[in-house]
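**Student:** what follows is a protein structure lacking sequence information:
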């Protein structure tokens, strides 16, 4: 493996269906503007509530991508 440098960013995806879908939404959206995504790691998951009622799942992910030469 050659020497490389990676940038890590945190994203939060949301979904009314599941935490899995929320995480996928974040990574798929990032993939539209960032090239060479390498790793996505789930950092945390929570649920958005409003007036005691479920509104959405949220998944925070750390995503890394390689800096280009």
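**Tutor:** Everything's here; your move. Small disclaimer: the values here were computed from a predicted structure and weren't measured.

**Student:** tell me how many other residues crowd the closest residue to residue 46 other than its chain neighbours.
**Tutor:** Spatially, and ignoring its direct neighbours in sequence, residue 46 is nearest to residue 58 (5.2 Å; Cβ to Cβ, 6 or more residues apart in numbering). For the C-beta atoms, the positions are set from N, CA and C on the backbone; glycine is no exception. Applying other Cβ atoms under 10 Å, we find 18 residues neighbouring residue 58.

**Student:** try residue 63
**Tutor:** 19.

**Student:** partners of the helix or strand hosting it, with directions?
**Tutor:** Per DSSP states H and E, residue 63 falls inside strand 53-66. For strand 53-66, the paired strands and their directions (DSSP bridges) read strand 6-15 (antiparallel), strand 37-50 (antiparallel).

**Student:** as JSON lines, these with distance to residue 21 and mean pLDDT would be great.
**Tutor:** Converted to JSON lines, those look like this (distance: least, Cβ to Cβ, whole Å; pLDDT from 0 to 100):
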{"stretch": "strand 6-15", "distance to residue 21": "4", "mean pLDDT": "95"}
{"stretch": "strand 37-50", "distance to residue 21": "12", "mean pLDDT": "95"}
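
**Student:** turn those strands into JSON lines, including mean neighbour count and distance to residue 30.
**Tutor:** Below are those laid out as JSON lines (neighbours: other Cβ atoms under 10 Å; distance: least, Cβ to Cβ, whole Å):
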{"stretch": "strand 6-15", "mean neighbour count": "14", "distance to residue 30": "6"}
{"stretch": "strand 37-50", "mean neighbour count": "12", "distance to residue 30": "7"}
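
**Student:** now distance to residue 29 too, for the ones you listed, in CSV please.
**Tutor:** Shown next, in CSV, are the strands paired with strand 53-66 (distance: least, Cβ to Cβ, whole Å):
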stretch, distance to residue 29
strand 6-15, 7
strand 37-50, 11
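
**Student:** surely the residue nearest to residue 46 is in contact with residue 43?
**Tutor:** No - using Cβ atoms under 8 Å as the test, residue 58 is too far from residue 43 to be in contact (10.9 Å).

**Student:** give the contact list for the residue nearest to residue 46.
**Tutor:** 12-14, 19, 22, 45-48 (Cβ atoms under 8 Å, 6 or more residues apart in numbering).
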